[in-house]
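1. let's see this in three dimensions:
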Amino acid sequence: MAFEQLPLSLPYRQALGRADFLVAKSNEDAVRFIDLFPNWPAHAALLCGAVGSGKTHLAHLFSDRFIRGCDLPVDFENIQGERLVIEDIDRSTDETALFHLFNWTKEHRIFVLFTARQMPMVRLPDLKSRLGSIPKIYIGLPDEELLFGVLSKWFYERHVSVDASVLEYILSRAERSFEFLKELINRLDSVSLAQGRRITIPIVRQVLEQQTACLKPVLKQEQLNQRM
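-> Numbering: from 1, shown residues only. The predicted structure is shown next:
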């Protein structure tokens, strides 16, 4: 009688060192700007890029002191060091708190790297003016070489060995976004553990078909909503 192995959500080490970051045309401007520190033209900068594009990795290279935008306000007096990262300021961020933090860090000569998926839609005029005055760096869409390298890195971080043909198959069939690919790897890892098998092209095909089936009702509902 065959038993199905229970998949365990074990933690894995995310490689966030300088040597672990894959530089390509889509992110070389952002890497160059981070490397300019401390010779920045302002005390703050805004790094924009899609989910999974490498914003957090670059932010770790800049500083190990992180505050999420949704956690503001915070006690400024507890902030230490000369470099600070405020993540995802385009998601549920208290604009008044962010404005005061901007001014406080400038006054105390603390460098700040803000991150966001895109330029945040700010209502507070003074904050909008502040953010508009700082450098903005964008991480663009990845090319095939970068996607191949990122897939290899993510599997390596999970201590999962896959053939190059599997990576090529994924890139030829899957949506080419970091967010989608990271979720795909999570699913592949779970299925592989549950079945006690290596990740092969048939397993990738199975997971992709399941994801497509799950997406169809969502897309259909979105289309109906657009017609209403």
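
2. so Ile86 sits in a strand?
-> Yes. Assignment of Ile86 by DSSP: H, G, I helix; E, B strand; the rest coil places it within a strand.

3. how many neighbours does it have?
-> Number of residues near Ile86 (other CB atoms under 10 Å) recorded here: 26. Backbone N, C-alpha and C define where each C-beta goes, glycine included.

4. what residues does stretch 75-95 touch?
-> The contact list for stretch 75-95 (CB atoms under 8 Å, 6 or more residues apart in numbering) reads 37, 46, 55-56, 59, 62-63, 65-70, 72-73, 98, 100-101, 104-105, 109-124, 127.

5. do the same with stretch 125-145
-> Applying CB under 8 Å, 6+ apart, the contact partners of stretch 125-145 are 24-27, 29-30, 33, 40-42, 44-50, 53-55, 95-96, 98-99, 102-103, 114, 119-120, 122, 150, 171, 176, 178.

6. which ones are touching Ser192?
-> Val160, Arg198, Ile199, Ile203.

7. let me have the residues you listed in a markdown table, extended by neighbour count, secondary structure and pLDDT.
-> Below are those laid out as a markdown table (neighbours: other CB atoms under 10 Å; DSSP: H, G, I helix; E, B strand; the rest coil; pLDDT from 0 to 100):
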| residue | neighbour count | secondary structure | pLDDT |
| --- | --- | --- | --- |
| Val160 | 16 | coil | 89 |
| Arg198 | 12 | coil | 92 |
| Ile199 | 22 | coil | 94 |
| Ile203 | 18 | helix | 93 |
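
8. out of the residues you listed, which one sits closest to Gln211?
-> Ile203 (12.7 Å; CB to CB).

9. so what's the most centrally placed residue in the chain closest to, chain neighbours aside?
-> Nearest residue to the geometric centre of the chain (CA atoms, centre = their mean): Gly52, 2.8 Å. Leaving aside its chain neighbours, Gly52 sits nearest to Phe178 (3.0 Å; criterion: CB to CB, 6 or more residues apart in numbering).

10. how about that neighbour, what does it touch?
-> For Phe178, the contact set (CB under 8 Å, 6+ apart) comprises Ala50, Val51, Gly52, Ser53, Gly54, Pro142, Val150.

11. tell me which of those residues fall in helices.
-> Among the contacts of Phe178, the ones falling in helices (DSSP state H) are Val150.
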